[in-house]
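**Student:** Mind looking at a prediction? Sequence and model below.
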Amino acid sequence: MNSQLADSPFLLACRRRPVPRTPVWYMRQAGRSLPEYRKVRAGTAMLDACATPDLVVEITMQPVLRYGVDAAIFFSDIVVPLRAIGVDLDIKPGVGPVVADPIRDAAGVATLRPLEPDDVPYVSEAVASLVKELDRVPLIGFAGAPFTLASYLIEGGPSKNHDHTKAMMYGAPELWHALMDRLTTITLGFLRIQAEAGAAALQLFDSWVGAVEPDDYRTFVLPYTSRIFAGLADLDVPRIHFGVGTGELLGLLGEAGADVVGVDWRVPLDEAALRVGAGKALQGNLDPAVLLAPWEVVQERAAKVLERGRVAEGHVFNLGHGVLPGTDPDQLARLTEFVQSY
Ligand code: 1CP
């Protein structure tokens, strides 16, 4: 890693070192809110776009060029490694991932083999091109966490209550553990491939794990997220752990071993710092819906997040979840400037 990259505000904040200013990036900063994204994506299916390095590079660069954010996030999706090992799934516009044959028995679990670099050559290629093109801006690689991936595989698509997922977790714990074990190996493989190709940080998205209560997290999820973070420790890249609705799980998310814990908008960052405990940086946590309000409101709320974030040992400004598709890009441009000059 070149020294200018190591001194970037984003990597310094992740490492809980002094920063010249608070760094900022946004989950889903590329995507449907950007007209330039809608233009290049027109006529190309989401999973085809993810497998086309030139397109991945262009889309990943779009928010960096438009907003001047302090980190880029690799354009891909959490289901890309599953598709790459042969799971029959698609990303349906306006819906999300849809799995043809939901996994609900041992035979289904047995189809999930480890991910090898040769399964995703387009990922290594796009990451390597991006690292060159980004120059002084760190690239964040990412993967879906086992619980969130399990939910898509078991339910067969997006789910509100994760009924089938919990039915397996509570009713067939051996099957659950076998599934989580295989997904852990796949996730770890996907993250290592991105880091080895040059990603400067890694984020584990456990978007839907907030559906689980703390004792169940400890029994059914923590062994796997811990194994993932431990399995990345030798890489010397900051590890970020994020989920939605995880207010009661923040201590456990920290315990799993990440360097940075992502916080959704429901818990103020000063309170989150207490729950997560010492030795962690925080990332977050402006409610993405605030961006739909007039700029004065955005500014006031963003200042509040920045003030509360001072309590954390390191703070990376972000939204509490992804950019909403209806967000005006000019609001994000003003917000980026506001945070960077605060
Ligand atoms: O055609 C399109 O534009 C489809 C919309 C879309 C996009 C832009 C999907 C389908 N995925 C993505 C890209 C994506 N997905 C990124 C790239 C970074 C960026 O855009 O800046 C990332 C990091 C993800 C990760 C992802 N996919 C998560 C975790 C993050 C989160 O938002 O919680 C999840 C849960 C998914 C599944 C998924 N893929 C797509 C959708 C619409 C969904 C969510 C569906 C649901 O509500 O369950």
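**Tutor:** Nice, I can see it.

**Student:** Going by C-alpha atoms from here, please, whenever you check contacts or count neighbours.
**Tutor:** Fine.

**Student:** Write out the residues of the stretch 151-300 of the chain neighbouring the ligand.
**Tutor:** The stretch 151-300 of the chain comes close to the ligand at residues 158, 205, 207, as judged by C-alpha under 6 Å from any ligand atom.

**Student:** any chance of these in JSON lines, with secondary structure, distance to Thr219 and neighbour count too?
**Tutor:** Listed next are these as JSON lines, based on DSSP: H, G, I helix; E, B strand; the rest coil; distance: C-alpha to C-alpha, whole Å; neighbours: other C-alpha atoms under 10 Å:
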{"residue": "Pro158", "secondary structure": "coil", "distance to Thr219": "24", "neighbour count": "17"}
{"residue": "Phe205", "secondary structure": "strand", "distance to Thr219": "19", "neighbour count": "22"}
{"residue": "Ser207", "secondary structure": "coil", "distance to Thr219": "18", "neighbour count": "20"}
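
**Student:** give me every residue that touches the nearest residue to Asp328 once chain neighbours are set aside.
**Tutor:** Among residues not flanking Asp328 along the chain, Ser33 sits closest, at 6.9 Å (C-alpha to C-alpha, 6 or more residues apart in numbering). Residues in contact with Ser33 (C-alpha atoms under 8 Å, 6 or more residues apart in numbering) are 323-329.

**Student:** go again using 6 Å as the cut-off
**Tutor:** For Ser33, the contact set (C-alpha atoms under 6 Å, 6 or more residues apart in numbering) comprises 325-327.

**Student:** how many neighbours does Gly86 have?
**Tutor:** A total of 12 residues lie near Gly86 under the criterion other C-alpha atoms under 10 Å.

**Student:** how close does it get to Ala13?
**Tutor:** Distance check for Gly86 against Ala13: by C-alpha to C-alpha, to the nearest Å, it reads 38 Å.

**Student:** What of Thr52?
**Tutor:** For Thr52, the distance to Ala13 - C-alpha to C-alpha - is 32 Å.

**Student:** Show me which of these two is the more surrounded one.
**Tutor:** Comparing Thr52 with Ala13 by other C-alpha under 10 Å, the one with more neighbours is Ala13, at 27 against 14.

**Student:** picking up where we left off before, any chance of the residues of the stretch 151-300 of the chain next to the ligand in a markdown table, with distance to Leu253 and pLDDT too?
**Tutor:** Formatted as a markdown table, these follow (distance: C-alpha to C-alpha, whole Å; pLDDT from 0 to 100):
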| residue | distance to Leu253 | pLDDT |
| --- | --- | --- |
| Pro158 | 23 | 97 |
| Phe205 | 11 | 98 |
| Ser207 | 12 | 97 |
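
**Student:** tell me which of those residues is nearest to Glu313?
**Tutor:** The shortest gap between Glu313 and any of those belongs to Phe205, at 21.7 Å (C-alpha to C-alpha).

**Student:** Tell me which other helices or strands the helix of greatest length in the chain touches.
**Tutor:** In the chain, assigned by DSSP state H, the helix with the most residues is helix 173-196. Packing partners of helix 173-196 (3 or more C-alpha pairs under 6 Å, 6 or more residues apart in numbering; DSSP states H and E): helix 146-155.

**Student:** what's near enough to touch the closest residue to the ligand within the stretch 151-300 of the chain?
**Tutor:** Per C-alpha to the nearest ligand atom, Pro158 is where the stretch 151-300 of the chain lies closest to the ligand, at 3.8 Å. By C-alpha under 6 Å, 6+ apart, no residues touch Pro158.

**Student:** That one and Phe10: what is the separation?
**Tutor:** For Pro158 relative to Phe10 (C-alpha to C-alpha), the value is 32 Å.

**Student:** try Asp77
**Tutor:** When Asp77 is compared with Phe10 (using C-alpha to C-alpha), they lie 22 Å apart.

**Student:** Which of those two has more residues huddled nearby?
**Tutor:** Neighbours per residue, other C-alpha under 10 Å: of Asp77 and Phe10, the larger number sits with Phe10, 28 against 15.
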